[in-house]
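Engineer: return a 3D structure for these sequence lines:
(chains A and B)
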Amino acid sequence: MIQVENLNFTYPKNDTSTLKGLNFEIAKEEVFGFLGPSGAGKSTAQKVLYKILRNYQGSVKIKGKNLSEWGKEYFEKIGVGFELPNHYLRLTGKENLDLFASFYQSGERKNLSSLFEMVDLTDAMNKPVETYSKGMKMRLNFIRAIQHNPDILFFDEPTSGLDPVNAYKIKQHILDLKSQGKTIFVTTHSMETADNICDRVAFIVNGKIQATDTPQNLKSDYGKEAVKVELEKGFIKEFPLSKLGENPDFLSFLGQGEVKRIHTLEATLEEVFIKVTGQSLKA
Amino acid sequence: MNKTLKLSVADIKIIFRDPSLKSFVFLPILLFALIIWGVPPLVEKYDLLTPYLSLFLVVAVIENTQMFCFISTMALIDEKETDIAKVYGVVPLTKTEYIFSRFLIPYLFTVLLNVIMFTVQPLFEISFGTGILISCLAALVVPVYVLSINSIAQNRMQGMVYVKAFNMLVLIPITAFFVPENIKHLFSVFPTHWIFQSIENVTMGKDMTLVFGVGLVVFIILIWLTSRLFIKRHFV
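Structural biologist: Predicted coordinates:
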């Protein structure tokens, strides 16, 4: 669905490139994530893909057609969830969505009431957006991006500013959209979000992709395939995962007392990121 | 057309729900009152004002025009400050459609206000058709003014500073009324000069075709230039 080859981009007043030779593909029905610290180039890459930034070098193809060859019909096919809430504060939530929906011709608009219900904003639907909290505005951002039923969705930090419950719900909605066949490109510096929803992630630092794989593979590759067992008595031992149930040392260790905890030694995505890039995601 | 109307209607809603912008909409009423009941007794009392009667009309027309210059400038700066402008960069609306939508109501409303002004003013006899023509020309100040400021201002504070500066630029050609006839066109670098001269010619019973035509061309070129600048800077 999206193919990017050797993408370079330099902002007009900058000496150095913000994006340096990015290569990646995103398939239909895939959630692809860009993970990286602030200023890594995540949002810039998305801006190139949704045609806000144009003077890029390299090849970007959407549905097999060069991005530059797409006219305004391209915007019928994409939906963008911005990092920060951006709405007309003096209009109601419904008026905001109605206004932006009027620009689309697809006629596949989702039912407005169910969209508001989906993100628990039904009661606020007819209230001015200036009375919304940041989390409510972010949820309004989300439904504005999907209201015209686009094939490709870009979400920039989709759980930013949301409480854990609503962050969880938004992640579930993104997974629902994926199951409906949407192609989804997420940028985030939240490894939890990336781990929860992305089929594949790319680590991006200083405009370069350092690694691309599924979160599971990355965690396995950079962690230990082992479990750590801790007994109430304080004894701690590690055992390889392979044939764990047949390992006599493991079984004997379990017989030595009450088990306090057992956990795998798989790396977290953040640990993998630090190992691969030498940088922290919170940079 | 649906897109254009929806956006124009949204603009009106935004203006009327913003107390500070809403109050500006009532200024023309004050202006009409001054021109109808304020100026005639003043001129009657101070005879030295008689040669400058056309200047009163010029100022009234340009003040009418500046109302929507200010309102639209603030509405678009607000859109940039709140990042709504970015949303317009990713919807199937061409930039030309966007600009047309944003200026349709302000332009028509400004034309209407000036047509009313030409109709109700008791200072000169100006035909309805001529009033409409000059009103159409004068209202072209709105897009040029708003697009220019919104191409350079990043926030409300900067916007207010530029509004002050642009208000001065718009009024500078008034000086042409106080200088000898042979050098008055030195002010032609200021686009509003051509509007002022059109009004002056009409009030003096002269033909305004040339100054009106030059003014129209100048404003069309300026709208094209400022639109290009605005498109480059507003949606990023």
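
Engineer: how about residue 231, what does it touch?
Structural biologist: As the question left the chain open, I've gone with chain A. When the contact criterion is C-beta atoms under 8 Å, 6 or more residues apart in numbering or on different chains, the partners of A:L231 are A:F253, A:Q256, A:G257, A:E258, A:V259, A:K260. Every C-beta, even on glycine, is put in place using the N, C-alpha and C of the backbone.

Engineer: hmm, I had chain B in mind actually
Structural biologist: Counting by C-beta under 8 Å, 6+ apart, B:I231 makes contact with B:K95, B:I99.

Engineer: what does B:R102 give?
Structural biologist: B:L7, B:S8, B:D11, B:S72, B:L76, B:V146.

Engineer: switch to 10 Å and redo it
Structural biologist: Counting by C-beta atoms under 10 Å, 6 or more residues apart in numbering or on different chains, B:R102 touches B:4, B:7-8, B:11, B:72, B:75-76, B:79, B:88, B:143, B:146-147, B:150, B:230.

Engineer: one step back: any of the contacts of A:L231 buried? List them.
Structural biologist: Neighbour counting with 16 or more other C-beta atoms under 10 Å in any protein chain shown marks A:F253 as buried within the contacts of A:L231.

Engineer: grab the most central residue of chain B for me.
Structural biologist: By C-alpha atoms, centre = their mean, chain B has its centre lying nearest to B:T65, at 3.2 Å.

Engineer: pretty sure that residue is touching B:V146, no?
Structural biologist: No - applying C-beta atoms under 10 Å as the test, B:T65 and B:V146 come out as separate, 11.2 Å apart.

Engineer: so what sits against both of those two?
Structural biologist: Joint contacts of B:T65 and B:V146 (C-beta under 10 Å, 6+ apart) are B:P106.

Engineer: how about the host helix or strand of the residue nearest to the centre of chain B and chain A, any contact?
Structural biologist: Here B:T65 sits within helix B:53-81, counting by DSSP states H and E. Yes - against chain A, helix B:53-81 shows contacts by C-beta under 10 Å from any C-beta of the partner chain at B:A75, B:D78, B:E79, B:E81.

Engineer: what are the phi and psi values for the closest residue to B:L42 other than its chain neighbours?
Structural biologist: The shortest distance from B:L42 to any non-neighbouring residue, by C-beta to C-beta, 6 or more residues apart in numbering or on different chains, is to B:L49 (6.6 Å). Note on B:L49: its backbone torsions stand at phi -80, psi -20 [degrees, to the nearest 10].

Engineer: who's in contact with B:L49?
Structural biologist: Per C-beta under 10 Å, 6+ apart, neighbours of B:L49: B:V39, B:L42, B:V43, B:L55, B:F56.

Engineer: biggest separation within the residues you listed, which pair?
Structural biologist: Farthest-apart pair in these is B:L42 and B:L55; separation 12.4 Å (C-beta to C-beta).

Engineer: neighbour-wise, which of these two wins?
Structural biologist: Legend: neighbour count by other C-beta atoms under 10 Å in any protein chain shown for B:L42 and B:L55, higher for B:L55 (17 against 12).

Engineer: per-residue confidence at the more buried one?
Structural biologist: Predicted confidence (pLDDT) at B:L55: the value is 92.

Engineer: quick one: the helices in chain B?
Structural biologist: Secondary structure of chain B (DSSP state H): helices located at B:2-17, B:19-24, B:27-33, B:39-45, B:53-81, B:84-88, B:95-120, B:128-139, B:141-152, B:156-171, B:192-203, B:209-234.

Engineer: for A:K137, which of those helices is the nearest?
Structural biologist: Among the helices of chain B, helix B:84-88 comes nearest to A:K137, with 11.7 Å by C-beta to C-beta.

Engineer: tell me which residues touch residue 142, please.
Structural biologist: Let's take chain A. Counted by C-beta under 10 Å, 6+ apart, A:F142 has contacts A:79, A:81-82, A:115, A:118-119, A:121, A:153, A:155, A:158-159, A:162, A:166, A:169-170, A:173-174.

Engineer: switch to chain B, please.
Structural biologist: Contacts for B:V142 (C-beta under 10 Å, 6+ apart) come out as B:65-73, B:103, B:106-107, B:109-111, B:223.

Engineer: how about A:E5?
Structural biologist: Residues in contact with A:E5 (C-beta under 10 Å, 6+ apart) are A:G21, A:L22, A:N23, A:F24, A:E25, A:G58, A:S59, A:V60, A:K61.

Engineer: from these, which single one is nearest chain B?
Structural biologist: A:V60 (15.4 Å; C-beta to the nearest C-beta).

Engineer: quick check: mean pLDDT of whichever strand or helix holds the closest one?
Structural biologist: Following DSSP H and E, one finds A:V60 within strand A:57-62. On average, the pLDDT along strand A:57-62 is 92.

Engineer: could you do stretch A:185-198 as well?
Structural biologist: Mean predicted lDDT for stretch A:185-198 stands at 88.

Engineer: ok, now stretch A:224-242?
Structural biologist: The model assigns stretch A:224-242 a mean pLDDT of 88.

Engineer: may I see the buried residues of it?
Structural biologist: Neighbour-count burial for stretch A:224-242 [16+ other C-beta under 10 Å]: A:V227, A:V229, A:L231, A:F239.

Engineer: centre of the chain to it, how far?
Structural biologist: Remark: stretch A:224-242 is offset 33 Å from the chain centroid, using C-alpha atoms, centre = their mean, to the nearest Å.

Engineer: what does stretch A:219-233 give?
Structural biologist: That offset, for stretch A:219-233, works out to 27 Å (C-alpha atoms, centre = their mean).

Engineer: quick one: contacts for the nearest residue to A:E30 once chain neighbours are set aside?
Structural biologist: Excluding its sequence neighbours, the residue lying closest to A:E30 (C-beta to C-beta, 6+ apart) is A:D199, at 4.9 Å. By C-beta under 10 Å, 6+ apart, A:D199 lies in contact with A:I26, A:A27, A:E29, A:E30, A:V31, A:F32, A:G33, A:K178, A:I184, A:T214, A:P215, A:Q216.

Engineer: for B:V170, same thing?
Structural biologist: Applying C-beta under 10 Å, 6+ apart, we find B:V170 in contact with B:62-63, B:65-66, B:69, B:141, B:144-145, B:190-192, B:195-196.

Engineer: and the residues you listed as a markdown table, adding pLDDT?
Structural biologist: Output for these, formatted as a markdown table (pLDDT from 0 to 100):
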| residue | pLDDT |
| --- | --- |
| B:I62 | 93 |
| B:E63 | 91 |
| B:T65 | 92 |
| B:Q66 | 90 |
| B:C69 | 91 |
| B:V141 | 96 |
| B:V144 | 95 |
| B:Y145 | 95 |
| B:F190 | 93 |
| B:P191 | 94 |
| B:T192 | 95 |
| B:I195 | 95 |
| B:F196 | 94 |
